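Q: sequence and predicted model, in that order:
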Amino acid sequence: MFATIFAQSYTTYTTTTTASSSKISLVLVLAYLFFLVCMLISMWKVYTKAGKPGWVAIVPIYNTLVLLEIVGRPWYWLLWLFIPIVNIYFLAVVCNDLAKAFGKGMGMTVLLFLLPFIGYPILGFGPAEYHGGPANMGWNPPQTPANPPVPPAPTTGV
């Protein structure tokens, strides 16, 4: 009799646990899909603001290449992003360059690096405008004037 009661309570307990864990799993999967869709839409908007096609945001690896182009970094930085530990530094620099490209400061860099699911929607849906890569971030090479000044002709002392 003891074995029957124990088996029944154990079975009931296991069934209840399985049912509740499947509900929790479903909620977690739906939350993950929600964040995924929000990130894709936000990245789509960021790429569109930068003058790139929005569909690039959904193509793995290629979206990183285009992001490097947006921030003005060379394509081979993608290789650095595959190396563990080193990629943390390079990702931080890319986040900083992206924030600067949209006229934002260090606060946006921190958001893009630590909380991208908050930073990208702010860039994508906010009033931020794309200002360009490093050429428009404060460093401008010296410009040669269109009509250079003509030196005065030497005078002869006659």
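A: Yep, that arrived. Numbering: from 1, shown residues only.
Q: what about the strands in this protein?
A: Counting by DSSP state E, no segments of the chain form strands.
Q: where does it dip in pLDDT?
A: Scanning the chain for pLDDT under 70 picks out 1-19, 134-149, 157-158.
Q: surely Glu129 is in contact with Ala101?
A: No - using C-beta atoms under 8 Å, Glu129 makes no contact with Ala101, being 9.9 Å away. C-beta here means a position set from N, CA and C on the backbone, and glycine is covered the same way.
Q: who has more neighbours, the two?
A: It is Ala101, of Glu129 and Ala101, that has more neighbours when counted by other C-beta atoms under 10 Å, with 24 against 10.
Q: quick one: contacts for the closest residue to the more buried one other than its chain neighbours?
A: The shortest distance from Ala101 to any non-neighbouring residue, by C-beta to C-beta, 6 or more residues apart in numbering, is to Val71 (5.6 Å). Taking C-beta atoms under 8 Å, 6 or more residues apart in numbering, we find Val71 in contact with 94, 97-98, 101, 133-134.
Q: swap the cut-off to 10 Å and go again
A: Counting by C-beta atoms under 10 Å, 6 or more residues apart in numbering, Val71 touches 50, 77, 93-102, 132-134, 137.
Q: among these, which ones are buried?
A: 50, 77, 94-102, 133 (16 or more other C-beta atoms under 10 Å).
Q: a markdown table for the residues you listed, including distance to Leu26?
A: Formatted as a markdown table, the buried ones among the contacts of Val71 follow (distance: C-beta to C-beta, whole Å):
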| residue | distance to Leu26 |
| --- | --- |
| Ala50 | 36 |
| Trp77 | 39 |
| Val94 | 35 |
| Cys95 | 33 |
| Asn96 | 38 |
| Asp97 | 39 |
| Leu98 | 35 |
| Ala99 | 36 |
| Lys100 | 41 |
| Ala101 | 39 |
| Phe102 | 37 |
| Gly133 | 43 |
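Q: among these, which lie within helices?
A: 77, 94-101 (DSSP state H).
Q: what's the span of stretch 50-64 from first residue to last?
A: End-to-end distance of stretch 50-64 (C-alpha to C-alpha, to the nearest Å): 14 Å.
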